[in-house]
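How does the following fold in three dimensions:
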Amino acid sequence: DHDRLAGLDRDGLGRLIEIVRRAAPADGAANLPPRADAAWIADELRWAADLVAFGATVGQALLAADAGAAPMRALPAAVRRRLVGELDPLIDRHGVLWPRRNRPGGRRDAVAKLLRVRDRLAGDGADRVASARARD
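All right, here's what the predicted structure looks like:
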């Protein structure tokens, strides 16, 4: 077992996914205080909740595969493809959200962390890195 997984179990991660999905504003900015950027805040909260849920899903997959400290590429290929399919839209949404509040050049550094996860799952992160750099 890996120290980072100590105390985690699939059920607990499932509960986390349920909690963050309930906490994210499903109906846009309707439940937020009236502000000019309320819709942006709702989008950002939904993205953050989806990213946390994705991380918990990866954790569930690692625990189910009894991967321990093994890299994500030790997961079955079908699981890795499914996870890449969940991560790609998160990366794309990051590209939409980032320029609203952040400097253009910083996205490369910020998205690199997500691309490293994608690369570990799929082994083809270089294409995504080039695409992200082109959008900076």
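
residue nearest the centroid of this protein?
residue 51 (3.1 Å; C-alpha atoms, centre = their mean).

was I right about that one contacting residue 91?
No - assessed by C-beta atoms under 8 Å, residue 51 is found out of contact with residue 91, at 10.0 Å. C-beta here means a position set from N, CA and C on the backbone, and glycine is covered the same way.

buried set for whichever strand or helix holds residue 60?
Here residue 60, judged by DSSP states H and E, is contained in helix 38-64. The neighbour-count check on helix 38-64 (16 or more other C-beta atoms under 10 Å) flags 38, 42-47, 49-54, 56-63 as buried.

try stretch 27-35
residue 29.

can you check stretch 6-19 too?
Quick answer for stretch 6-19 (16+ other C-beta under 10 Å): 8, 13, 16, 17.

State the distance from the first one to residue 78.
Right, the one you point to is residue 8. Per C-beta to C-beta, to the nearest Å, residue 8 is found 23 Å from residue 78.

what comes into contact with stretch 34-44?
If you take C-beta atoms under 8 Å, 6 or more residues apart in numbering as the criterion, stretch 34-44 is touched by 25, 28, 29, 32, 93, 97, 100, 101.
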